[in-house]
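# My questions are about this predicted structure, shown below with the sequence.
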Amino acid sequence: MMRRDERQLNQLIAVLARDRDLPDEQMLELLAWPCEAESVRAAGPACDADAALYREADRVRREVYGDAVYLRGLIELTNHCKNNCYYCGIRRGNTGLARYRLDQETILRCCREGYGLGYRTFVLQGGEDPYYNDEVMCGIVSAIHEEFPDCAVTLSLGERSRESYQRLFDAGARRYLLRHEAASEELYRQLHPPGMLLENRLQCLFDLKEIGYQVGAGLMVGAPGQKAEHLLEDLHFLQRLQPDMIGIGPFLRHADTPFRDRPNGSMRMTLRLLAILRLMFPYALLPSTTALGTIDPQGRELGLQAGANVVMPNLSPAEVREQYALYDNKICTGEESAQCRTCLETRVASAGYRIVTDIGDVKREGVKRDDP
Ligand code: 5AD
Ligand code: FES
């Protein structure tokens, strides 16, 4: 006989899958659903609740994306940043860090290497570094676009003006990742110094969408002070934004930040939220993040099994990887690009999926799988 609470849980999951939503009370219940074991091991999910949720998320992802996992080659442009976010290892206030910038030729070399390894999307990510003004950045974007016309250029350079986003779009960028970090005003203020405003960040995301970018938002799970109610606000915001991509990973402490003593986010909660996101946004691109792979050696595999369908291996030059430390113990800093590529191939296959090397645009509802 099924236990009563198990029936209740299955009911929640079924309604979430059917409606792509749950009433707030029930969503909170699901987010906070108790679990006997605290850690998820390679052997599988921590408890039946999670197992049932992952199963449903995997069913939905296979319905839309099959077993495909998309590759994005991540190039970490610069670890200079004018901001001072309390959680981030490359914050301005961290004076113990050797800073670097990649020039256009180095970036193009990374792209060439990546192209040879099968990458068809390059993600240029960096701190908010005034050196990469529109002129410099447009030069880089159009050079990549010209040399690799069959590839997508994704940018992840933080908050810029609408005009700047438009210029970069005109230069050939088509996707932009900007995690909203927290949709709750209260939590956003606990994570950022006074000069940073949630309102500006959200405006950036809506501007990017209007310009025509495929847009990625996202957040850290278990960020200091974050409660289930905050996550609920994040879900509501994501429903309003309807992003193409949603990047989530556990918060991980960095020794040289104000949050050095705060506990890391948990893998279980990250996986649970990933599965919920897959059920709410069947068409979204959901990366199984480096942070997830850092908190547990099997984290990225489990992420894929909980609904994720994107991996973002590192394509940065080996010499600078160590310096792009957003949090402690980040994986892949000692590896070459080719090693990360092979490593992920094996990991994705072991999780039961298949890496595809096409450009990997988001799929939209009502559009058949094979349509261009
Ligand atoms: N732990 C986990 N993720 C972090 N990020 C920044 N610092 C940390 C940290 N300490 C995430 C932020 C940012 C993305 C590039 O990396 O969400 O948007
Ligand atoms: Fe970089 Fe595994 S992905 S070594």
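That came through fine. Ligands and ions are numbered 1, 2, ... in the order given.

# then stretch 184-201 to CSV, C-alphas only?
What follows is stretch 184-201 as a C-alpha-only set of coordinates in CSV (Å, rounded to 0.1, in the frame of the first residue of the first chain):
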residue,chain,number,x,y,z
SER,A,184,13.4,39.0,-4.3
GLU,A,185,14.4,42.5,-3.5
GLU,A,186,15.2,41.6,0.1
LEU,A,187,17.5,38.7,-0.9
TYR,A,188,19.1,40.6,-3.8
ARG,A,189,20.2,43.3,-1.3
GLN,A,190,21.7,40.7,1.0
LEU,A,191,23.8,39.4,-1.8
HIS,A,192,25.0,42.7,-3.4
PRO,A,193,26.4,46.0,-2.2
PRO,A,194,24.1,49.0,-2.2
GLY,A,195,25.1,50.3,-5.7
MET,A,196,23.6,47.2,-7.4
LEU,A,197,19.9,47.3,-8.1
LEU,A,198,17.6,44.4,-8.9
GLU,A,199,15.5,46.7,-11.0
ASN,A,200,18.4,47.4,-13.3
ARG,A,201,19.2,43.8,-13.7
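
# is ligand 1 contacted by that stretch?
No. Contact of stretch 184-201 with ligand 1 (Cβ under 6 Å from any ligand atom) is absent, the minimum separation being 9.3 Å. The way it works is simple: take the backbone N, C-alpha and C, and place the C-beta from them, glycine included.

# how many other residues sit next to residue 347?
For residue 347, the count of nearby residues is 20 (other Cβ atoms under 10 Å).

# Now it. Nearest residue, chain neighbours left out?
Distances taken as Cβ to Cβ, 6 or more residues apart in numbering place residue 301 nearest to residue 347, at 5.5 Å, with adjacent residues excluded.

# residue contacts, the one you found?
The contact partners of residue 301, taken as Cβ atoms under 8 Å, 6 or more residues apart in numbering, are 42, 288, 347, 348, 350, 351.

# contacting residues around the strand or helix carrying residue 77?
Under the criterion of DSSP states H and E, residue 77 resides in strand 73-78. Residues outside strand 73-78 that contact it (Cβ under 8 Å, 6+ apart) are 99-102, 107, 110-111, 114, 117, 119, 121-127, 129, 131-132, 157, 312-316, 320-321, 324, 337.

# Can you list the residue ranges for helices in this protein?
Along the chain, counting by DSSP state H, helices occupy 4-19, 24-31, 48-65, 104-116, 134-147, 162-171, 185-191, 198-211, 228-241, 267-280, 290-295, 299-305, 318-321, 337-351.

# Adding mean pLDDT and distance to residue 74, write the ones you listed out as a markdown table.
Formatted as a markdown table, those follow (pLDDT from 0 to 100; distance: least, Cβ to Cβ, whole Å):
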| stretch | mean pLDDT | distance to residue 74 |
| --- | --- | --- |
| helix 4-19 | 92 | 31 |
| helix 24-31 | 97 | 29 |
| helix 48-65 | 94 | 20 |
| helix 104-116 | 98 | 9 |
| helix 134-147 | 98 | 14 |
| helix 162-171 | 98 | 18 |
| helix 185-191 | 98 | 23 |
| helix 198-211 | 98 | 19 |
| helix 228-241 | 98 | 22 |
| helix 267-280 | 97 | 19 |
| helix 290-295 | 97 | 8 |
| helix 299-305 | 98 | 13 |
| helix 318-321 | 96 | 10 |
| helix 337-351 | 96 | 9 |
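
# Figure out which of those is closest to residue 258.
Nearest to residue 258 among these is helix 185-191 (10.1 Å), distances taken as Cβ to Cβ.

# where's residue 181 relative to residue 296, distance?
Distance of residue 181 to residue 296, computed by Cβ to Cβ, to the nearest Å: 23 Å.

# typo on my end, it should be residue 111
31 Å.

# out of everything not next to it in sequence, what's closest to residue 365?
According to Cβ to Cβ, 6+ apart, the nearest residue to residue 365 is residue 283 (5.9 Å).

# list the contacts for that neighbour?
Residue 283 neighbours (Cβ under 8 Å, 6+ apart): 64, 362, 363, 364, 365.

# Now do the contacts for the residue nearest to residue 10 when sequence neighbours are not counted.
Nearest residue to residue 10 in three dimensions, chain neighbours excluded: residue 52, at 6.3 Å (Cβ to Cβ, 6+ apart). Going by Cβ under 8 Å, 6+ apart, residue 52 touches 9, 10, 13.

# again with residue 260
253, 254.

# you'd agree residue 26 is up against residue 13?
No. Using Cβ atoms under 8 Å, residue 26 is not in contact with residue 13; the gap is 10.5 Å.
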